[in-house]
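Student: with the sequence up front, the predicted model follows.
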Amino acid sequence: MEANLLIVDDELVICKSCEKIFLRAGHSVKYATSGKDALRILDEEKFDVIFTDLKMMDVGGMEVLQTVKQKYPETLVVVITGYATIASAIETMRSGAFDYLPKPFTPSELLAILNRALEKRKIIQLSSEDYTYSPEEGFEGIIGKSSKMQETYRLIQKVAQTDSTVLIIGESGTGKDLTAKAVHNLSRRKNEKYFALDLTTLSSTLLESELFGHIKGSFTGAHADKQGIFDAANRGTIFLDEIGNLPVETQARLLRILQEKEFMPVGSTVVKHADVRLIFATNQNLTKLVGSGKFREDLYYRLNVFPIKLPSLRERKDDIPELAMYFLKKYCAKNDKPIPKIQTETIESLMNYHWPGNVRELEHTIERLLILVEGDEIEPVHVSAALFRADAYVRSLIPKNSEELKTLKKQIREASVQEIEKLFIAEALIRNDWNVSKASREANMQRSNFQALMRKYGISKPSHPA
């Protein structure tokens with residue numbers, strides 16, 4: 001990420017040294033040997049990060065810092081000084097400096113603090129009030145601009161132009177379905193049919209019927225001929241999710257399609273041709289399944305022609321701010337609600353979480369946050385509540401004596417029960433697409449009691465804009 005940097009120091013050798021280090025790292029650099037010159041340059045040009053000496057002859061670093069905070073709030077300031085005292089460090093941080101770097105420092109220390117500053121600035125930009133994000137942005141509906149995702153997009157574009165079989169590998173919630181659809185949308189088959197099937201949802205018998213079709217009387221309940229997906233998707237694309245769960249007996253039939261482009265409906269002796277593009281996905285280690293005899297080795301090599309490994313959200317945390325803002329706008333539009341402000345610290349708390357459920361978990365968390373938040377701003381404590389993590393809330397209210405401790409414990413117990421109740425109702429509604437009757441049945445509650453809790457916590461059925 002190229003940045004525009006300003007160095008302010010009355011020692012020319014410091015300015016030149018910093019300039020050399022930053023230029024080698026690919027950044028644009030200017031320097032000023034006085035605070036007065038720095039203020040003049042700031043009136044002429046915008047900078048991402050400013051490194052300023054604290055003690056200078058005319059205008060000091062504190063005055064430069066205060067001017068930047070007032071006029072250019074998105075610009076971050078790092079104070080560098082030889083007067084490295086605890087008091088001066090605290091004073092500059094309280095005045096709004098991003099960080100504090102004492103002289104002498106090494107090139108690696110200087111670049112490390114710059115990288116942290118640029119990450120912070122990115123978060124500030126994404127969480128500002130005027131941030132806009134259109135559903136048309138992103139790569140074929142996939143959100144994220146990190147280096148790992150850029151490599152993923154490159155692979156998608158490359159393989160989409162061919163008819164090669166694709167194997168998408170990734171944890172649950174990483175967007176394997178979106179990746180498969182992107183391959184189809186960018187291929188020559190984009191105007192043909194696209195079928196997606198999760199192989200974990202059907203029994204072995206029903207799965208073969210769904211994939212290959214069947215003829216009347218081929219098994220109990222087969223009252224009429226049925227067209228299978230391989231027939232219906234002719235000239236199109238088929239996406240088979242969780243291929244590792246495919247029964248061994250069905251694997252042989254799939255292997256024939258990959259080798260010969262042919263199949264027979266269940267109970268039929270008529271061979272049909274399959275002109276389809278196949279995309280597979282798995283969250284399992286297929287090599288281990290091959291070793292244990294649960295997956296055919298010859299099938300594995302046939303479908304592993306072009307693997308695309310999707311990164312977990314933990315591996316691309318740089319994308320979390322953009323994803324969070326995208327989902328925030330998505331669910332505000334869906335529920336016809338105004339978009340709340342989201343604090344920079346709130347974004348940071350989202351980035352600090354490990355997200356075992358990946359992007360899908362982040363999306364559901366944002367939807368929960370919009371239910372939990374009653375005001376017009378999302379704070380870090382709301383994230384803690386949504387993720388069942390009350391530690392940030394507790395640390396902010398550490399009691400000073402036993403009476404305060406008793407009071408706080410009571411408040412936490414009451415608040416915890418209320419938050420869990422609210423999340424209990426919200427989750428049941430989300431799982432059942434806001435159908436109150438289905439949600440109350442699943443929760444094993446009377447509809448009237450369920451609705452009473454909805455009223456108690458102000459949870460209402462979303463109104464979809466026309």
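Tutor: In hand now; what should we look at?

Student: I'd guessed G228 sits against F212; true?
Tutor: Yes - with contact defined as Cβ atoms under 8 Å, G228 reaches F212; the gap is 4.3 Å. No exception for glycine: its C-beta is placed from N, CA and C like everyone else's.

Student: which neighbours do the two have in common?
Tutor: Between them, G228 and F212 share the neighbouring residues 263, 265, with contact defined by Cβ atoms under 8 Å, 6 or more residues apart in numbering.

Student: between the two, which is the more surrounded one?
Tutor: Between G228 and F212, counting by other Cβ atoms under 10 Å, F212 is the more crowded of the two (25 against 20).

Student: residue ranges with poor pLDDT in the stretch 251-400 of the chain?
Tutor: For the stretch 251-400 of the chain, the stretches with pLDDT under 70 are 388-400.

Student: can you pull out the strands in it?
Tutor: Counting by DSSP state E, counting those that start in this stretch, the stretch 251-400 of the chain has these strands, from start to end: 262-263, 272-273, 277-282, 306-309, 341-342, 377-378.

Student: any idea which of these is most buried?
Tutor: Across these, averaging neighbours per residue (mean count of other Cβ atoms under 10 Å) puts strand 277-282 on top, at a mean of 25.

Student: that strand: partners in the sheet, and parallel or antiparallel?
Tutor: Sheet pairing of strand 277-282 (DSSP bridges) gives strand 166-169 (parallel), strand 237-241 (parallel).

Student: in a markdown table: the ones you listed, plus distance to K288.
Tutor: Supplementary listing: the strands paired with strand 277-282 in a markdown table, determined by distance: least, Cβ to Cβ, whole Å:
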| stretch | distance to K288 |
| --- | --- |
| strand 166-169 | 13 |
| strand 237-241 | 19 |
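
Student: so which of the ones you listed is nearest L423?
Tutor: Checking the strands paired with strand 277-282 against L423 by Cβ to Cβ gives strand 237-241 as the closest, at 28.3 Å.

Student: ends of stretch 280-294, what's the gap?
Tutor: In terms of Cα to Cα, to the nearest Å, the two terminal residues of stretch 280-294 are separated by 17 Å.

Student: buried stuff in that stretch?
Tutor: Taking 16 or more other Cβ atoms under 10 Å as the neighbour-count basis, stretch 280-294 is seen to contain the buried residues 280-283, 286, 289-290, 294.

Student: one step back: so can I have a markdown table of the strands of the stretch 251-400 of the chain showing distance to E348?
Tutor: As requested, the strands of the stretch 251-400 of the chain are exported to a markdown table (distance: least, Cβ to Cβ, whole Å):
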| stretch | distance to E348 |
| --- | --- |
| strand 262-263 | 52 |
| strand 272-273 | 55 |
| strand 277-282 | 32 |
| strand 306-309 | 28 |
| strand 341-342 | 11 |
| strand 377-378 | 12 |
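
Student: which residues does the nearest residue to A224 once chain neighbours are set aside contact?
Tutor: Leaving aside its sequence neighbours, A224 sits nearest to K216 (Cβ to Cβ, 6 or more residues apart in numbering; 5.3 Å). For K216, the contact set (Cβ under 8 Å, 6+ apart) comprises 222-225.

Student: K216 and F51, how far apart?
Tutor: Distance of K216 to F51, computed by Cβ to Cβ, to the nearest Å: 78 Å.

Student: do the same with K422
Tutor: With distances defined as Cβ to Cβ, the gap from K422 to F51 amounts to 46 Å.

Student: now do E414
Tutor: When distances are taken as Cβ to Cβ, E414 and F51 turn out to be 49 Å apart.

Student: tell me which of these two has more neighbours.
Tutor: Under the neighbour definition other Cβ under 10 Å, E414 and F51 were set side by side, and F51 has more, 28 against 10.

Student: pretty sure the more buried one is touching L6, no?
Tutor: Yes - F51 sits in contact with L6 when judged by Cβ under 8 Å, with a separation of 7.3 Å.

Student: so M454 makes contact with A426?
Tutor: No - taking Cβ under 8 Å as the definition, M454 is not a contact partner of A426, at 9.1 Å.

Student: how about the helices in the stretch 151-300 of the chain?
Tutor: Taking DSSP state H, counting those that start in this stretch, the helices of the stretch 151-300 of the chain run over residues 176-185, 204-212, 229-232, 248-260, 286-291, 297-303.

Student: coming back round to it: what's the closest of the buried residues of stretch 280-294 to S34?
Tutor: Top of the list for closeness to S34, among these and by Cβ to Cβ, is N283 at 58.8 Å.

Student: could you measure from the closest one over to P307?
Tutor: Here N283 is placed at a distance of 13 Å from P307 (Cβ to Cβ).

Student: repeat for T81
Tutor: If you measure T81 against P307 using Cβ to Cβ, the figure is 52 Å.

Student: same check on S28?
Tutor: Distance check for S28 against P307: by Cβ to Cβ, it reads 39 Å.

Student: okay, now the domains of this protein?
Tutor: The domain map for the chain lists 4-126, 147-309, 315-456, with the assignment taken from automatic domain parsing.

Student: for G141, find the nearest of those domains.
Tutor: Shortest separation from G141 across these is recorded for domain 147-309, at 5.6 Å, computed as Cβ to Cβ.

Student: list the buried residues of stretch 35-42.
Tutor: The neighbour-count check on stretch 35-42 (16+ other Cβ under 10 Å) flags 35-36, 38-39, 41-42 as buried.

Student: an error on my part: the question was meant for stretch 13-33.
Tutor: Of the residues in stretch 13-33, those scored as buried under the neighbour-count criterion (16+ other Cβ under 10 Å) are 14-15, 17-19, 21-22, 25, 27, 29-33.

Student: farthest pair within the residues you listed?
Tutor: Using Cβ to Cβ, the buried residues of stretch 13-33 reach their maximum pairwise distance at A25 and T33, which is 22.0 Å.

Student: what about T346, how many neighbours?
Tutor: Other residues lying near T346 total 21 when counted by other Cβ under 10 Å.

Student: likewise for T269?
Tutor: A count of nearby residues for T269, using other Cβ under 10 Å, gives 7.

Student: what's the pLDDT at Q411?
Tutor: With respect to pLDDT, Q411 scores 68.

Student: got it, and the one 10 residues further on?
Tutor: In the predicted model, E421 carries a pLDDT score of 81.

Student: hang on, isn't K193 packed against A232?
Tutor: Yes - using Cβ under 8 Å, K193 makes contact with A232 at a distance of 6.7 Å.

Student: the top helix by length along the chain - contacts with which helices or strands?
Tutor: The helix of greatest length in the chain, counted in residues with DSSP state H as the criterion, is given as helix 402-431. Here helix 402-431 is seen to pack against helix 358-372, helix 380-386, helix 436-442, helix 447-456 when contacts are counted using 3 or more Cβ pairs under 8 Å, 6 or more residues apart in numbering; DSSP states H and E.

Student: and it, what's buried?
Tutor: Within helix 402-431, the residues scored as buried using 16+ other Cβ under 10 Å are 419, 422-423, 425-429.
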